[in-house]
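In: need coordinates for the below:
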Amino acid sequence: MSFPWLKQPKQKWTITHLTGETKDKLDDSAAKNEFEGIEPTVIPSADAVVHLDYDPATLRSLGEMEYVKEDGGQWTRFVCISDTHSKTFDVPLGDVLLHSGDLSNLGTVRGLTATMEWLYGLPHKVKIIIAGNHDLTLHKDYYRDSWSRWHREPEDYKKIIELMTGERAKKAGIVYLEDTSCTFSVGPGRREWTVYGSPWSPYFHDWAFNYKSDKAEELVASYSNADILLTHGPPERVFDFTRTKEHVGCPSLASHLASGRLRPRIHSFGHIHESRGAHIHSWDAKDGASRPPRAQNRFYGVKDPKDRFLELEGEDVEKTRMELEQERVEAEERNSDVSLQRTVLVNAANDPMGPGAWVNGRKVKHGGRNFQPIVVDLKD
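Out: Predicted structure coming up:
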């Protein structure tokens, strides 16, 4: 299978596919400056297409996409975000919004209210969210024992959980998952999707929802297999490289994906802001043991004087870069095979960090260039 639609000339489309803090009135000049000259990055496959980098003004709706028209079947658009930290920004329209945690900075009523008010107003039919290590108060037992480390007075858990799961959240189509599952359909006669969400990530300075390495296997073994997997932290060696030159993803999570016990269509996460990216991985065997995926973004090892993401040195780095490039090339070759099972792996972090956070000498805004929401179109 080829992807001729990738070679079509760019077309100008009206700004009808955005929503967010400026959904009623978009500042055209600001939008132009933010995304001017951006080179679209599209990752295609037989049953999934990822829009990683794009000009929001020219991103076409799902029904306008050539691959949807040519296929003739039903497709669903998922919009992936994460690590929004109480900031708001424009979000492309879609059927489903997935938020992979760090809704706030420190889990305060004020911070979570800002995020939830924003999410209430987004028009996506279904919005599925999880917490992250910054959402301190949502880790109820942890916060009960350590609130004084973070806040002068304890935050009101009842108010916070009402924000997440109360009537306004339900009316807005929001489902909050905390080591739980849900199912949904975007309309009559459409397929039912299953989702599992977990807020945990590997131990980091004793924040909320942290687990130590000796507890990882037990935790990940409890995850249910589902079409969509939301975790806050990444699997090992998949968009998990930090400014301090460490791979901090979870080995157990990577193992359960490679073994086939977990085999989602989308695995969306965040946590490592500087490693935002997406990769489509075609598995060797359906629901069986396969090579684990490896993927990092284009800023892997890039030096930036305005950040602590230092240039890596030595032959091992060049070897890794070559291996990652080979993985990408092989993935492109395998992604057109309709017989293969595949997972879209997404680090959807929107909080700019690392060398990608600087464009033309200026710091990128939340959800801005290099940190946009990642759009994933899946064939039902």
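In: for Q326, give its distance to G361.
Out: Applying Cβ to Cβ, to the nearest Å, the value for Q326 to G361 is 34 Å. (C-beta placed from N, C-alpha, C; glycine too.)
In: the more surrounded of these two?
Out: Q326 (11 against 6; other Cβ atoms under 10 Å).
In: next one: whichever strand or helix holds the more buried one to chain centre, how far?
Out: Element membership for Q326, per DSSP states H and E: helix 315-334. Distance, stretch centre to chain centre, for helix 315-334: 22 Å (Cα atoms, centre = their mean, to the nearest Å).
In: who are the packing partners of the next helix or strand after that helix?
Out: Sequence-wise, the next helix or strand downstream of helix 315-334 (DSSP H and E) is strand 342-347. Under the contact criterion of 3 or more Cβ pairs under 8 Å, 6 or more residues apart in numbering; DSSP states H and E, strand 342-347 touches strand 48-53, strand 266-269, strand 277-282, strand 374-379.
In: so what's H139 up against?
Out: Neighbouring residues of H139 by Cβ atoms under 8 Å, 6 or more residues apart in numbering: A131, P199, A208, F209.
In: how near is the last one to D135?
Out: Counting by Cβ to Cβ, the separation of F209 from D135 is 8 Å.
In: the more surrounded of these two?
Out: D135 (30 against 23).
In: quick check, the more buried one in contact with A208.
Out: Yes: using Cβ atoms under 8 Å, D135 is in contact with A208, at 6.3 Å.
In: so which of the contacts of H139 is the most crowded?
Out: A131 (29 neighbours).
In: quick one: the helix holding Q326 to strand 342-347, angle?
Out: Interaxial angle, helix 315-334 versus strand 342-347 (axes from the mean of the first three to the mean of the last three Cα atoms, to 10 degrees): 140 degrees.
In: which elements pack onto helix 315-334?
Out: Partner elements for helix 315-334 (3+ Cβ pairs under 8 Å, 6+ apart): strand 277-282.
In: list the strands paired with the strand it packs on, with their directions.
Out: strand 342-347 (antiparallel) (DSSP bridges).
In: now the partner strand: mean pLDDT?
Out: Strand 342-347 carries an average pLDDT of 98.
In: list the helices and strands the helix or strand hosting A114 packs on?
Out: Here A114 sits within helix 109-121, counting by DSSP H and E. Other helices and strands packing on helix 109-121, by 3+ Cβ pairs under 8 Å, 6+ apart, are helix 157-165, helix 167-171, strand 174-176.
In: buried residues of the first one, list them for me.
Out: Translated: helix 157-165. Y157, I160, I161, L163, M164 (16 or more other Cβ atoms under 10 Å).
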